[in-house]
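>>> Return a 3D structure for these sequence lines:
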Amino acid sequence: MRGNTIAQVAIALAALILVSSSTYLVSETEQVIITQFGEPRGNPVDTPGLHFKLPFIQDANVFEKRFLEWDGSPNQMPTKDKRFIWVDMYARWRITDPLKFFQRLRDERGAQSRLDDILDGETRNAVASYDLIELVRSSNRPADTVPIEGEEDAIVLEQIAMGRRAIAASILAAARARTLDLGIEVLDIRLKRINYVDEVAKDVYARMIAERNRIAERFRSEGAGEAARIEGERQRDLQRIQSEAYRTAQELRGEADATATAIYADAYGRDADFYAFFKSLETYERVIDGKTYFVLGTDSDLLKYLRAPR
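Here you go, the predicted structure:
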């Protein structure tokens, strides 16, 4: 009885292994190549669901249907105008013919290695064929700058013939031509980053700093000239206001003196003796105090009213 149980379990286990090795599942994002002893058999399977194969002697090789990523490493490359730059790229690709892909590249690791050679090589060829300005700019649109007075300050950018996007498109076309027989399609290529190498960057930054300093110095000199002009106008206006105020004050003072003279004359004309007496009293008040001593003769005009008061 125990031997029958063990035999049943063994048979069931063998049947399970046989079924599992003779079936495979394909999802919506996968495609499969069946190989027998390492050689492809039949057409690629891309229909989702459960499928069958010969157990033990056939294998299911699964490949992605979705877009795959290629991310290159930054490389130092020379441009046509002998500028050494770092270029960092990325690309997207997919498997279009799984049978050819398996025969030529075997798996995604082999595809990534082959793409490294193809994309890096085509990028290096493209970079070496164009000046740096072509790799940096994408169009001939005017520069976005703050307008500065003077024609010498107008920034005129060098015109480009291709531009960054067109160069990336040429790299994509060349890469597609080289991957046609590999069972893959390169969908898109982008220049992720372009930067100067350290030696060139220092020179570029030094030129940028010198240019900014030149513009700043011009602004400072223009500001100093404007400040001098404003100060000159302020001094001119101040002198004009002061002169007008002085003239007005002198006119008022003259009018006041004239009025006072007229009053004095009128008072003198009414009673000359009283006017002289009154003015003498004012004189006494101004010149005589408790600490002042005068030595005057009896015939002094200053004392005539004291000597013979009215």
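>>> for this structure, which spans come out with low pLDDT?
Counting by pLDDT under 70, the chain shows low-confidence ranges at 1-3, 14-15, 18-19, 143-156, 268, 271, 290, 294, 296-310.
>>> How is it divided into domains?
With domains defined by automatic domain parsing, the chain comprises 2-63, 68-196, 211-270, 271-310.
>>> Let's have those in CSV, adding mean neighbour count and distance to Lys202.
Where C-beta positions appear, they are placed from N, C-alpha and C, glycine not excepted. Output for the domains of the chain, formatted as CSV (neighbours: other Cβ atoms under 10 Å; distance: least, Cβ to Cβ, whole Å):
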stretch, mean neighbour count, distance to Lys202
domain 2-63, 13, 48
domain 68-196, 15, 9
domain 211-270, 10, 15
domain 271-310, 10, 87
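>>> Out of these, the one nearest Val204 is which?
With Cβ to Cβ as the criterion, Val204 lies closest to domain 68-196 of the domains of the chain, at 5.8 Å.
>>> Tell me which residues are up against stretch 103-110.
Identification of contacts with stretch 103-110 by Cβ atoms under 8 Å, 6 or more residues apart in numbering yields 40, 63-64, 68, 111, 114, 181-184.
>>> quick one, helices of the chain?
2-22, 98-105, 108-128, 132-136, 164-179, 198-270, 272-287, 304-307 (DSSP state H).
>>> could these be laid out in TSV, adding distance to Glu28?
Output for the helices of the chain, formatted as TSV (distance: least, Cβ to Cβ, whole Å):
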stretch	distance to Glu28
helix 2-22	22
helix 98-105	15
helix 108-128	19
helix 132-136	40
helix 164-179	25
helix 198-270	48
helix 272-287	121
helix 304-307	135
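>>> ok, so what distance separates Phe102 from Leu172?
Shown here: Phe102 relative to Leu172, a distance of 25 Å by Cβ to Cβ, to the nearest Å.
>>> just Ile118 next, same as before
For Ile118, the distance to Leu172 - Cβ to Cβ - is 11 Å.
>>> swap in Glu64?
Distance from Glu64 to Leu172, by Cβ to Cβ: 20 Å.
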